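> Sequence below, structure please.
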Amino acid sequence: DFEAALLVCGRKDKYAMQDETRDLIAAFGDLEAPVLHVEFPTIEAIEKVSNYTPKLTIDDPHRVQEAVNHYEPHIDFDLLLHRTSTSDWH
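Residues are numbered from 1 along each chain as shown. Just a heads-up that it's a prediction; the model follows:
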């Protein structure tokens, strides 16, 4: 199980993603690993992630409810509860 995501970086039109890399990322689909491919140099991608400001806060009940309505059908709550209540999973 993953506690992080893989961020694959490469400048648009300069570094094309190799077929072997695409195949590897596609294989992660079976593991449900979060993978994001961005067309930025690594340093720029890291800066964007580091400077990201979440747009959803608990103080905005309408947006919170919209987010719940959108994501709830995709969440396995039994698995989530199991993983958050068990200390021996990796």
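> nearest residue to the most centrally placed residue in the chain other than its sequence neighbours?
Nearest residue to the geometric centre of the chain (C-alpha atoms, centre = their mean): residue 34, 4.4 Å. Spatial nearest neighbour of residue 34, excluding adjacent residues (C-beta to C-beta, 6 or more residues apart in numbering): residue 5 at 3.9 Å. For every residue, glycine as well, the C-beta is placed using N, CA and C.
> ok so, going back, can I assume the residue nearest to the centre of the chain is in contact with residue 7?
No: assessed by C-beta atoms under 8 Å, residue 34 is found out of contact with residue 7, at 9.3 Å.
> Kindly provide the distance from residue 46 to residue 81.
According to C-beta to C-beta, to the nearest Å, residue 46 stands 33 Å off from residue 81.
> Who has more neighbours out of those two?
residue 46 (13 against 10; other C-beta atoms under 10 Å).
> How far off centre is whatever helix or strand the more buried one lives in?
Under the criterion of DSSP states H and E, residue 46 resides in helix 42-50. Offset of helix 42-50 from its chain centre (C-alpha atoms, centre = their mean, to the nearest Å): 15 Å.
> Contacts made by that helix with the rest, please.
7, 9, 38, 40 (C-beta atoms under 8 Å, 6 or more residues apart in numbering).
> for the record, mean pLDDT for it?
Helix 42-50 comes out with an average pLDDT of 91.
> Would you mind listing the buried residues in it?
Neighbour-count burial for helix 42-50 flags residue 45 (criterion: 16 or more other C-beta atoms under 10 Å).
> Now the element after it, going C-ward?
Per DSSP H and E, helix 42-50 leads on to helix 61-71 as the next helix or strand towards the C-terminus.
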